[in-house]
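Asks: below: sequence and its predicted model.
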Amino acid sequence: MTKIDPETRIPDPIELDRIEEDRLRAVAGLAPMRSPGGEYAGFDQVGIPDRPPQTEREREIYAIEEGEMLINMGPQHPSTHGVMRLLVKVRGEIVVDIDPVLGYLHRGIEKLCENATYTTVLTYVDPMDYLSTMHNEHAPAIAFEKLYGVRPPKRAEYIRALVVELNRVFSHGLMMGFLALDMGGLTPILYAFINRDEIVDLLSAISGQRMLFNFFRVGGVNFDTNDEFLSRLGTWRSNVMKNIEMNERMITDNEIFRARTIDMGTLSGQDAISLGVTGPNLRASGVPFDVRRAHPYSIYNELEFDVITQPGGDSYARYLQRIAEIKQSIHLIDQIIDKMPHGPVQAQVPGIIRPKPGRAYAAIESPRGLYSVYAISDGGPNPYRFRMRDPSFISLQAMPKLMPGRLVADTMAIMASLDPVMGGVDK
Amino acid sequence: MEHLRRPWPAAHALGRRRALTAPVAAGALVRLLAERLEVDLRHLWTDEDTVEYQVDAARAHDVLRTLRDDEDLAFFMLADAGAVDYGTGERFEVVYHLFSWKHPSWLRIRARVDRADPRVPTITDLWEGAMFHEREMYDMMGIVFEGNRDLRRIYMSPDYRSFPHRKDFVLPDDAADSAAAGVLPLERPETWDLTRFNQAPDVTFPPSDLREDAPAEAVEDGETLGDKSRPR
């Protein structure tokens, strides 16, 4: 066997390229290239806007020290979960600072809703957080019912809770898949999409739409359950635990997955509350805040369940929290099916409503956290002000706290563990 | 301040909270607010699950700090912060929604802001998470949060000059007429050069078999084919 002399320096491939280029330049009679030079002159200024910084924080980000550089991840980066740009300041492979730049998907949904009737508002909010469409409709429906002074029938409340929990199962299931995908594991996302499509078929059987369900109405839901929905639900229920556990076996004990999530992006309960992080991310930091328990809406007071928490606060805890919540949601679905009463699914509400002047606030627990709506009526057919608080928009603020000191490759892994959806972030 | 160090109860001790038709509990909160904040009771208002309190914007920061730090109030979580525009000549309102384990109601703080000079002290020192809320309010409504160290636009581009959620900002079709519009020429449709769309292509189609024989009969009767197919 040949022994490698420890004194031998193995050249860097980039350096080899440079040596080769210099050789060719020497052949052509040119002087060796200096770096940075030629067309690369000023490359250390790339990404810095040619205007003075507007704020203290911006000055902090754009202050580049020796050995640091700015890179843009996105807006067309394949794993930014939508169209979003992360401005990353790096020192070599280490992230020094990070700044999310938003607005690439901004559609002004709040303004649109102020120009729509109360019933059509429920269609506008659908494409916001496109993985939890049912949840998006739930909070406005509750807020408008408070404004109009109508309560949905009991069966409508149960059907709402049923579809909302089904939505939560597939949303969390996709998060598990995307998290593994962002670490280079392709298989789990394929299985996650199989599970997701089963539920989407279920929900399209009851609502008539595949992704943007438009199922909720002021004072009830659009349709009652039908035979196709119930038979599909039975089939899904008999297989779902097996599928979830298979997905879990595939990811949870994977050595690479554990190495890249355990002790990564640790968020303390204190910081999470201060940053406004809610939902599974907050509970994974040990804080048992769940709107379904903390401020019960719909029928959650009648269902048996405990608020699940994880002690860790890292990416792995956030992943485990999702699995636990999927199982909890399936447990809730069982109870809802058992307890579902007979009766109408829609209160007598006209198509165009004119609630009395007033204000209403409704908050629900969406798969990404506290999603709330603040609606103001001035007596007209459309809301005077329609304000939405999207959980993934606020959770994104944790990124500058979690990233410094981590590798660039972990940016996406940690962001995927927060599970933001850009449709909701940009409203 | 003990509750700030660990402001959440243990999960197993959480139990089930009371159903929300609880005006009694809201009454307790109202009394407590009147005691701790020395509020005028005319500024308090309740509905089925919310207690509302109106303050001036200048006082908002102090009120929110008391609400967070007082051990009996203990509103540790900022659930929402958004702005409302009540129209020209009226006022802005910055609306905060708070949550506490100790009270079953949401607490809504409505801070009145002068519309001509909209300035509010920042609350990012109380909740770091208010940063994106405040940036959004600045971007959409043009409310300035004093002391916020990162007050720049969050959705619109940095060179955008309008505040789209104001009531006097008309939707983009007629944005140029809007009183709040400071939009750039690029966004004004009347400045677009659309002449290339008006030049109709000069193309003659070759006669096809279908064209030659199909509609002859119908035209003779003075009717169209569509009318014939319709049931009489």
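Replies: Received the coordinates, thanks.
Asks: regarding chain B, what is its longest helix?
Replies: The longest helix of chain B (DSSP state H) is helix B:23-37.
Asks: got the CA coordinates for that helix in PDB?
Replies: C-alpha atoms of helix B:23-37 as PDB (Å, rounded to 0.1, in the frame of the first residue of the first chain):
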ATOM      1  CA  PRO B  23     -70.100  37.300  32.400                       C
ATOM      2  CA  VAL B  24     -69.200  36.800  36.100                       C
ATOM      3  CA  ALA B  25     -65.600  36.100  35.200                       C
ATOM      4  CA  ALA B  26     -65.500  39.000  32.900                       C
ATOM      5  CA  GLY B  27     -66.900  41.100  35.700                       C
ATOM      6  CA  ALA B  28     -64.000  40.000  37.900                       C
ATOM      7  CA  LEU B  29     -61.500  41.100  35.200                       C
ATOM      8  CA  VAL B  30     -63.300  44.400  34.800                       C
ATOM      9  CA  ARG B  31     -63.100  45.100  38.500                       C
ATOM     10  CA  LEU B  32     -59.400  44.100  38.600                       C
ATOM     11  CA  LEU B  33     -58.600  46.400  35.700                       C
ATOM     12  CA  ALA B  34     -60.400  49.300  37.300                       C
ATOM     13  CA  GLU B  35     -58.300  48.700  40.400                       C
ATOM     14  CA  ARG B  36     -54.900  48.200  38.900                       C
ATOM     15  CA  LEU B  37     -55.000  50.700  36.000                       C
END
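Asks: quick check, whichever helix or strand comes after that helix touching chain A?
Replies: The first helix or strand that comes after helix B:23-37 along the chain, using DSSP states H and E, is strand B:44-46. No. Strand B:44-46 lies apart from chain A when judged by CB under 8 Å from any CB of the partner chain; the minimum separation is 9.1 Å. Where you see a C-beta, it was placed from the backbone N, CA and C, and this is true even at glycine.
Asks: for chain B, what's the nearest residue on the stretch 251-400 of chain A?
Replies: A:Gly276 (2.6 Å; CB to the nearest CB).
Asks: please work out how many residues are found near that residue.
Replies: Neighbour count of A:Gly276, defined by other CB atoms under 10 Å in any protein chain shown: 28.
Asks: which elements pack onto the longest helix of chain B?
Replies: Applying 3 or more CB pairs under 8 Å, 6 or more residues apart in numbering or on different chains; DSSP states H and E, we find helix B:23-37 packed against strand B:44-46, strand B:50-56, helix B:57-69.
Asks: so which of these is the most packed in?
Replies: The highest mean neighbour count among the helices and strands packed on helix B:23-37, using mean count of other CB atoms under 10 Å in any protein chain shown, belongs to strand B:50-56: a mean of 19.
Asks: what lies in contact with it?
Replies: A:359, A:361, B:26, B:29-30, B:33, B:37, B:39, B:43-46, B:63, B:103, B:105-112 (CB atoms under 8 Å, 6 or more residues apart in numbering or on different chains).
Asks: how about a cut-off of 7 Å?
Replies: The contact list for strand B:50-56, computed with CB atoms under 7 Å, 6 or more residues apart in numbering or on different chains, reads A:361, B:26, B:29-30, B:33, B:39, B:43-46, B:63, B:105-112.
Asks: how about stretch A:379-390?
Replies: By CB under 7 Å, 6+ apart, stretch A:379-390 touches A:110, A:113-118, A:121, A:128-129, A:352, A:354, A:356-357, A:370-378, A:424-425, A:427, B:80, B:82, B:84.
Asks: below-threshold pLDDT in chain B: ranges please.
Replies: Scanning chain B for pLDDT under 70 picks out B:1-25, B:170-232.
Asks: which residue ranges of chain B form helices?
Replies: B:2-5, B:23-37, B:57-69, B:130-141, B:195-198, B:209-213, B:216-220, B:225-229.
Asks: ok, back up a step: now, the contacts of stretch A:379-390 that are in helices?
Replies: A:Glu110, A:Cys113, A:Glu114, A:Tyr118, A:Val121, A:Gly424, A:Val425.
Asks: right, and A:Lys146 touches A:Ala360 too?
Replies: Yes. With contact defined as CB atoms under 7 Å, A:Lys146 reaches A:Ala360; the gap is 3.9 Å.
Asks: surely B:Leu44 touches B:Val30?
Replies: Yes. Between B:Leu44 and B:Val30 there is a contact at 5.5 Å, judged by CB under 7 Å.
Asks: let me see the contact set for whichever residue of chain B sits closest to chain A.
Replies: Of all residues in chain B, B:Gly129 sits closest to chain A, with a separation of 2.6 Å (CB to the nearest CB). Applying CB under 7 Å, 6+ apart to B:Gly129 gives the contacts A:Ser274, A:Leu275, A:Gly276, A:Ile394, A:Gln397, B:Leu78.
Asks: those in strands, which ones?
Replies: Those of the contacts of B:Gly129 mapping onto strands are B:Leu78, per DSSP state E.
Asks: B:Arg153: which of the contacts of B:Gly129 is nearest?
Replies: A:Gln397 (16.0 Å; CB to CB).
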